[in-house]
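In: Below is the sequence, then the predicted model.
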Amino acid sequence: MTIAFETTPLPIIGAPMAGGTTTPELSAAVAAAGGFPFVAGGYLTAEALAPLVERMRETSETFGVNLFAPNPVPLDRAAFDRFATALEPLAAEHGVTLETEPVDDDDHYDAKVDWLVAHPVPLVSMTFNLPTAEVVDRLHAVGTHVVATVTTVGEAREAAARGVDALIVQGPRAGGHSGTADPTREIEDRPTADLVREILAEVDLPIAAGGGVDGAEAVGELLDAGASAVVVGTLLLLADEAGTSAPHRAALQDAEKYSETGLTRAFTGRPARALVNDFVREFDEVALDAYPAVHHLTKGLRAEAKASGDPNLLHLWAGTGHRWAVPGSAETIVKQLGTRFAR
C-alpha cells in the first residue's frame, strides 16, 4: 500500500502545528513546493475544523488532518494546587485570572472523528495517544489512511497491532509537544535516525520521521535511515505564511537571549520542547503531568504574553534545529530542504 505522503514530488511534510501556527497559507505553500501539507486539527471544534479542511481540498488533493487523541492522566490535585499557587503572583502582576479549577476535555475528538468519517480526507494522523482499533476501522471504511505518531518501539508495535497504515516517528529533539502515549515518562535525548532504524527492525510499516531537522543534510540522514518522508516544523516557524506570533519570531532570532531548548511541562502539563525562557526556568521544577488541566491553567498568562509581546511568559515551541530557521517563503524553504531528494 502506498501512503499519501509517499506520493508527493518532494519527501517533505509540513508539520501540523496547532494553535494557529500552521495556517491555510502555510499548508498551501508546502503543497505548492511539492511537499505534503497538513491541516492542524488540535484545539479546534469540528465546526472550526471543517472550513479549514474544505479550503485544503481546494488547494491539494493530497493532504492530511492531524488530531489530538485523548490521553487522560490521573490528576494529582495537591500538586496542581501548589502549581496554581506558585503562578498566582505572576498572574496578579499581569492582571490575569487563573483557571484554578482543573479543566478536563477531549479536544472535541469524537466530534472531529465523526466529521472526518462523514467527510473523508486522504489521511488522518493522531498524536498524544494511539487511535483505537475502532477509530482506525471507521476511517478505513471511508477510504482514509490512518497514521499514528510514535516515540518508542513499543508504541510502534501497538500502533501496528491496531491496524494503522503508517507511522510518524517523532524523535525527542522535535519542537512542541511530544506525541508520546506516555506523557509521564522521562524522554531521553537521542538521534531520530536511530529511533527510525529501531522501529523499522520491528514494524513493517511506512514511516515519516521528524525531530532535530536542521537542514537538507538532516533530511538525507532520515531518508537513509529508512523514512519515506521527513516532517519539518521548526524550520517553518519563521516562514512568511506561518502564524507564529511576533514575540515567538523575535525570540527565535535572538541567539543571545534564547540560546537553548528544553523539554518542559510548565506550559501545558505535557512534555514539550521550547526555547528556555524565564517561565521555564522558574516553573519547570514545580510543574506536573496534568494535560489539559495545566494548559487551561496557564492559557490566560500565555495569551497576555502574546498580546503584550513578552516572550518570557510565552510557550516558545522550538526544536533543536531552531537556529537554522530563516524568514522567507515556505515554498522556498521546503524546496531547499527537499529538492535534491525529489522522487
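Out: It's in.

In: A helix includes residue 39, no?
Out: No: under DSSP: H, G, I helix; E, B strand; the rest coil, residue 39 sits outside any helix and is assigned strand.

In: and it, what are its bridge partners?
Out: Residue 39 forms beta bridges with residue 65, as assigned by DSSP bridges.

In: Could you report the neighbour count for it?
Out: 23 (other CB atoms under 10 Å). In short, each C-beta sits where N, CA and C put it, glycine included.

In: from what I can see it touches residue 27, true?
Out: Yes: counting by CB atoms under 8 Å, residue 39 touches residue 27, with 6.4 Å between them.

In: Mutual contacts of the two, please.
Out: With contacts defined as CB atoms under 8 Å, 6 or more residues apart in numbering, the residues shared by residue 39 and residue 27 are 56, 63.

In: And the chain, what are its domain boundaries?
Out: Following the TED database, one finds the domains of the chain at 1-70+107-244+324-342, 73-105+259-315.

In: Could you say which one of the ones you listed comes nearest to residue 252?
Out: When those are compared by CB to CB, domain 1-70+107-244+324-342 sits nearest residue 252, at 5.8 Å.

In: for that closest one, what is the average pLDDT?
Out: Average pLDDT, domain 1-70+107-244+324-342: 97.

In: oh, and call the first residue 536 from now on, that's how I've got it
Out: Shifting the count to begin at 536 puts that one at domain 536-605+642-779+859-877.

In: Any idea how far it is from the middle of the chain?
Out: Centre-to-centre, domain 536-605+642-779+859-877 and its host chain are 8 Å apart (CA atoms, centre = their mean, to the nearest Å).

In: now, of the domains of the chain, which is deepest in the fold?
Out: domain 536-605+642-779+859-877 (a mean of 20; mean count of other CB atoms under 10 Å).

In: host element of residue 563?
Out: Using DSSP states H and E, residue 563 sits within helix 559-568.

In: ah, wrong one, I meant residue 829
Out: Using DSSP H and E, residue 829 falls in helix 828-843.

In: Please could you give me each C-alpha atom of that helix, formatted as CSV?
Out: Extracted in CSV, the C-alpha atoms of helix 828-843 (Å, rounded to 0.1, in the frame of the first residue of the first chain):
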residue,chain,number,x,y,z
ALA,A,828,-5.5,21.0,33.2
VAL,A,829,-2.2,22.8,33.2
HIS,A,830,-2.8,24.0,29.6
HIS,A,831,-6.0,25.7,30.7
LEU,A,832,-4.4,27.0,33.9
THR,A,833,-1.6,28.9,32.1
LYS,A,834,-3.6,29.8,29.0
GLY,A,835,-4.6,33.3,30.2
LEU,A,836,-1.0,34.1,31.1
ARG,A,837,0.2,32.9,27.7
ALA,A,838,-2.4,34.9,25.9
GLU,A,839,-1.5,38.1,27.8
ALA,A,840,2.2,37.4,26.9
LYS,A,841,1.4,37.1,23.3
ALA,A,842,-0.8,40.2,23.3
SER,A,843,1.9,42.3,25.1
